[in-house]
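Peer 1: Everything below, folded, please.
(one chain, ligands or ions: 1)
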Amino acid sequence: MSKPQVLVAVKTFSDVVDRLRPHFDVETHDTDQPLSQEELIRRLQGKAGVYISGSNKIDAALLAACPDLRAICTMAVGYNNIDVPACTARSVLVSNAPDVLTETTADFGFALMMATARRITESEQFLRRGEWKHWSVTLFAGADIHGATLGVLGMGRIGAAIARRGHLGFGMPVLYHNRSRLPAAQEAPLGAQWVEKDELLRRADHLVIVVPYSPSSHHMVAERELALMKPTATLTNIARGGVVDDAALARALQAGQLAAAGLDVFEGEPQVHPALLACSNVVLTPHIASATVATRRAMSHLAVDNLIAALTGGTPPTALNPEVLKS
Ligand code: DGY
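Peer 2: Take a look at the predicted model:
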């Protein structure tokens with residue numbers, strides 16, 4: 001009997017992909033340029049499963065055009081690129097890759113916040129341009145991290161890991177806002193206090209945004225919200241482009257409504273709003289918060305674990321709609 005066919009639509013570690021071969025006929029995509037939607041649909045003909053990343057879009061039109069699909073496994077934790085209800089309606093299993101990237105992503109969020117507050121890239125560029133002529137008392141004077149108030153917008157696994165770093169490592173009072181408040185037993189070890197979103201924006205010295213993207217979080221931080229922040233505050237976004245209104249952020253930075261921003265994600269990435277590129281008080285990175293070799297390997301392994309289980313009668317470890325397996 002011929003094996004089911006799967007597509008690995010992301011260029012990833014070949015030894016991880018090899019784990020699929022005993023079970024499936026495996027087709028791969030061998031460049032870092034994401035497949036166009038048209039090409040993705042073409043290459044999914046006859047495929048029972050697909051391994052994707054946050055760069056591939058799975059919507060109702062694709063599902064209708066690929067009737068053999070039974071499993072969609074993303075190596076990302078975020079899944080705003082997948083229409084999960086549409087998949088469920090067609091009994092297509094969807095999985096994501098939570099947990100394995102939590103600590104790595106929190107490390108990066110903290111690093112980006114620190115680089116932003118302490119003006120690390122801005123000062124390095126100044127030095128590389130040969131503009132450093134003498135030491136000065138106020139040269140690139142930034143804001144302290146230790147003892148400053150950390151604001152976490154979105155207290156999921158990554159938000160909690162950032163709060164823990166701030167509380168235990170840097171003695172930061174931690175405020176957070178989340179749709180649902182954590183039980184007191186989970187707040188206590190993080191030293192975290194729930195506040196309304198506007199209060200968080202008003203009181204945070206360093207705001208870190210970790211909320212998942214959805215229509216309800218679109219432009220959750222826009223002109224009105226930015227105007228509430230302290231002029232000395234920093235904003236770090238490691239969530240998704242679209243949670244912050246990038247054009248409004250650039251205007252707020254130019255107007256001195258906040259001191260600086262650290263951004264790993266952008267609306268319409270890989271395009272970056274030109275006004276942000278023109279701001280010197282912004283640290284910009286290309287969506288790399290989970291990018292360590294060990295973590296990207298763990299994310300890839302988890303997507304493969306899910307794909308194998310979904311198509312061989314097993315239990316996918318991190319399914320988002322496990323109910324489809326019962327139907
Ligand atoms: C994730 O896992 O969601 C990261 O943002 C990488 O896409």
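
Peer 1: so who does the residue lying closest to residue 59 once chain neighbours are set aside touch?
Peer 2: Using Cβ to Cβ, 6 or more residues apart in numbering and skipping residues adjacent in sequence, the residue nearest residue 59 is residue 83, 4.9 Å away. Bear in mind the C-beta positions are built from the backbone N, C-alpha and C, glycine included. For residue 83, the contacting residues are 58-60, 63, by Cβ atoms under 8 Å, 6 or more residues apart in numbering.

Peer 1: just the residues you listed now: which is nearest residue 245?
Peer 2: residue 59 (24.1 Å; Cβ to Cβ).

Peer 1: so how far is the ligand from the closest one?
Peer 2: 18 Å (Cβ to the nearest ligand atom, to the nearest Å).

Peer 1: and if you look at residue 70?
Peer 2: On the measure of Cβ to the nearest ligand atom, residue 70 and the ligand end up 23 Å apart.

Peer 1: Verify the contact between that residue and residue 309 for me.
Peer 2: No: using Cβ atoms under 8 Å, residue 70 makes no contact with residue 309, being 12.0 Å away.

Peer 1: Now do the buried residues in the helix or strand bottoming out on mean pLDDT in the chain.
Peer 2: In the chain, the helix or strand scored least confidently by mean pLDDT, DSSP states H and E is helix 323-326, which has a mean of 93. Buried positions in helix 323-326, judged by neighbour count with 16 or more other Cβ atoms under 10 Å: 324-325.

Peer 1: Contacts for it, please.
Peer 2: So helix 323-326 is in contact with 87-88, 91-93, 310, 315-316, 319, going by Cβ under 8 Å, 6+ apart.

Peer 1: State the helix or strand in which residue 73 lies.
Peer 2: When secondary structure is defined by DSSP states H and E, residue 73 falls within strand 71-74.

Peer 1: Can I get that strand in CSV, CA atoms only?
Peer 2: What follows is strand 71-74, C-alpha atoms only, in CSV (Å, rounded to 0.1, in the frame of the first residue of the first chain):
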residue,chain,number,x,y,z
ALA,A,71,-3.6,17.6,9.2
ILE,A,72,-2.0,21.0,9.4
CYS,A,73,0.9,21.2,11.8
THR,A,74,2.6,24.6,12.4
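
Peer 1: What is the following helix or strand past it packed up against?
Peer 2: Remark: after strand 71-74, the chain's next helix or strand is helix 84-89, criterion DSSP H and E. Other elements packing on helix 84-89 under the criterion 3 or more Cβ pairs under 8 Å, 6 or more residues apart in numbering; DSSP states H and E are helix 60-65, strand 93-95, helix 323-326.

Peer 1: Buried ones in helix 84-89, by neighbour count?
Peer 2: Those would be 84, 86-88, for helix 84-89 by 16+ other Cβ under 10 Å.

Peer 1: thinking again about what came up before, now for the contacts of residue 83: which two are most distant?
Peer 2: Farthest pair in the contacts of residue 83, by Cβ to Cβ: 58 and 60, 9.1 Å.

Peer 1: Please enumerate the helices of the stretch 201-327 of the chain.
Peer 2: According to DSSP state H, counting those that start in this stretch, the stretch 201-327 of the chain carries its helices in the segments 223-228, 246-254, 274-277, 293-311, 323-326.

Peer 1: nope, the stretch 51-200 of the chain is what I was after
Peer 2: Remark: helices assigned in the stretch 51-200 of the chain by DSSP H, counting those that start in this stretch are 60-65, 84-89, 102-117, 120-128, 157-164, 170, 184-187, 197-203.

Peer 1: and among these, the most buried is which?
Peer 2: Scoring the helices of the stretch 51-200 of the chain by mean neighbour count under mean count of other Cβ atoms under 10 Å gives helix 157-164 as the most buried, with a mean of 23.

Peer 1: Which strands or helices does that one pack on?
Peer 2: helix 102-117, strand 150-153, strand 174-177.

Peer 1: how about a cut-off of 6 Å?
Peer 2: On a contact count with 3 or more Cβ pairs under 6 Å, 6 or more residues apart in numbering; DSSP states H and E, helix 157-164 meets helix 102-117, strand 150-153.
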